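Colleague: A predicted structure for the sequence below; I have some questions about it.
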Amino acid sequence: MPVPKHLTVNGVRLTYDDLGEGPAVLFVHGFMLDRTLWRDQVRALDGWRRIAPDLRGMGRSEAPERGYRMSVYADDLAALLDALDVERTVLCGLSMGGYVAFEFLRRHRERVAALVVLDARAEADTAERRSSRNDMIARVRDGGTDALTAELAAKFLAENASANARRRLADMMDRSPVAGVVGALEAMRDRPDDTPFLGSIGELPTLLLIGSDDTRTPRASMRAIADAVPAATFGVVPRSGHLPPLENPAEVTDRLRHFLDGLRAPEPSADLRL
Ligand code: MLT
């Protein structure tokens, strides 16, 4: 893997990978994960500048005690792009990273050349889910992140996930600081309903992927996003639960490469401005 880099932007020290040259692709990981979720894709996608940060409070990035919101994660990413001199990017988010991607689009639309969302939903939390977030927050405050790790790991991966995927997931979860986990749970609990916003995504080239065995994201939720976004392509990644980049990396890399190649097809629209 590349040697991780560090930058202080938007008042927080972020760790990130930045590899290759070409139009930028920004990878945004999900809850209790970090940039290494995208390790195989970051390694493989030659011809693109692959930027994969740890969100604030996760991985090796700084974990302030409070102040976590989707808008803050999105502004961190915009500030990181500024610091790296990247004007526009393909934006690729998984699960909570998808929620961040929607918020980034809402706030920094002009910087997004194309969108990739994996295993995320547009709906806000239901009352039941909000209460389960509160329960998790209490458990983590009392007993640390171990209180969640085993339970969530079992829910994230398909039953037949490889030993390698299990080990990598455990490593990411073990690196998650309490303040960042609590903050992310609060930010997810309080995030807006993105459903009304979907219509405004318009003709932005969009790829939507979900693991064949994802039990965390209802497939109907991803289909609803596809229905609302005219330019979206929807696909199911076989042999995968909630974390396709980790569970079926080759397939995700191939689909991403195909999508990215399409953005560079002859005579791309001037609007794409990769
Ligand atoms: C994630 O993987 O980021 C989370 O499962 C998202 C969520 O809990 O809503």
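Modeller: Cool, got the structure. Residues are numbered from 1 along each chain as shown.
Colleague: buried ones in the helix or strand containing Gly97?
Modeller: According to DSSP states H and E, Gly97 maps onto helix 96-108. Buried residues in helix 96-108, counted by 16 or more other Cβ atoms under 10 Å: 96-106, 108. No exception for glycine: its C-beta is placed from N, CA and C like everyone else's.
Colleague: of the residues you listed, which is the nearest to Ala138?
Modeller: Distance to Ala138 across those (Cβ to Cβ) is lowest for Met96, with 19.5 Å.
Colleague: for Phe234, helix, strand, or coil?
Modeller: Following DSSP: H, G, I helix; E, B strand; the rest coil, Phe234 is assigned to strand.
Colleague: which ones are touching it?
Modeller: Listed by Cβ atoms under 8 Å, 6 or more residues apart in numbering, the contact partners of Phe234 are 208-209, 222-223, 226.
Colleague: ok, these vs Asp171, which is closest?
Modeller: Nearest to Asp171 among these, counting by Cβ to Cβ, is Leu209 at 23.4 Å.
Colleague: tell me the secondary structure at that closest one.
Modeller: Following three-state DSSP, the label given to Leu209 is strand.
Colleague: also Ala161?
Modeller: Classified using three-state DSSP, Ala161 is coil.
Colleague: I'd assumed Asn248 was in contact with it.
Modeller: No. Using Cβ atoms under 8 Å, Ala161 makes no contact with Asn248, being 9.6 Å away.
Colleague: for beta bridges, what are the partners of the closest residue to Gly235 other than its chain neighbours?
Modeller: Nearest non-adjacent residue to Gly235, counting by Cβ to Cβ, 6 or more residues apart in numbering: Leu209, 5.2 Å away. Counting by DSSP bridges, Leu209 forms beta bridges with Leu118, Gly235.
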